[in-house]
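Asks: Sequence and predicted model, in that order:
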Amino acid sequence: MNIKLRRAYEAPQEEDGLRILVDRLWPRGVSRSSAGIDLWLKEIAPSDALRKWFGHDPEKWAGFRDRYAGELDHKPEVVEELRKNACHGTITLVYSAKDTEHNNAVVLKEYLESDRNQP
């Protein structure tokens, strides 16, 4: 599996492969034409309640990771779609958070690369 991460505010790169937006909301100030998004999977994003609870607070990171992984456990079809795409070529999970270490795309990448919820 080849999974990359990239902020929505960074220019698309040729090596990105399939660019998948994994946020529930479209990134502010980014036009659809310049984003280079191939697929927008709103349903893979954390729930609104979890996103608001976390608020990108690094002190809540461990709790966010656990809770989001729990939400992903209940979305096996979407997770499997991402895994299949990643097995057939490079995918880039695109996100809009400023914090490059504490965001949903980081958790999602770890989840996809783990054995958790494998068929």
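Replies: The structure has been received and is ready for your questions.
Asks: What distance separates the opening and closing residues of stretch 69-83?
Replies: 15 Å (CA to CA, to the nearest Å).
Asks: quick one, what contacts the residue nearest in space to the middle of the chain?
Replies: Nearest to the mean C-alpha position of the chain, counting by CA atoms, centre = their mean, stands A105 at 3.2 Å. Counting by CB atoms under 8 Å, 6 or more residues apart in numbering, A105 touches L5, V22, L93, V94, Y95, A97. Quick note: C-beta positions are derived from backbone N, CA and C, even for glycine.
Asks: could you dump the helix or strand of the chain with the lowest mean pLDDT to PDB, C-alpha only?
Replies: Taking mean pLDDT, DSSP states H and E as the measure, the chain has helix 32-35 as its least confident helix or strand, at a mean of 90. Extracted in PDB, the C-alpha atoms of helix 32-35 (Å, rounded to 0.1, in the frame of the first residue of the first chain):
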ATOM      1  CA  ARG A  32     -12.300  22.800  -6.900                       C
ATOM      2  CA  SER A  33     -10.300  23.300 -10.100                       C
ATOM      3  CA  SER A  34      -7.000  24.000  -8.200                       C
ATOM      4  CA  ALA A  35      -7.500  21.300  -5.600                       C
END
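Asks: following that helix, which helix or strand shows up next?
Replies: strand 39-40 (DSSP states H and E).
Asks: This structure: helices as residue ranges?
Replies: Remark: helices assigned in the chain by DSSP state H are 32-35, 48-54, 61-73, 76-87, 104-113.
Asks: before we move on, back to that, which ones among the contacts of A105 lie within strands?
Replies: The strands, defined by DSSP state E, take in L5, L93, V94, Y95 from the contacts of A105.
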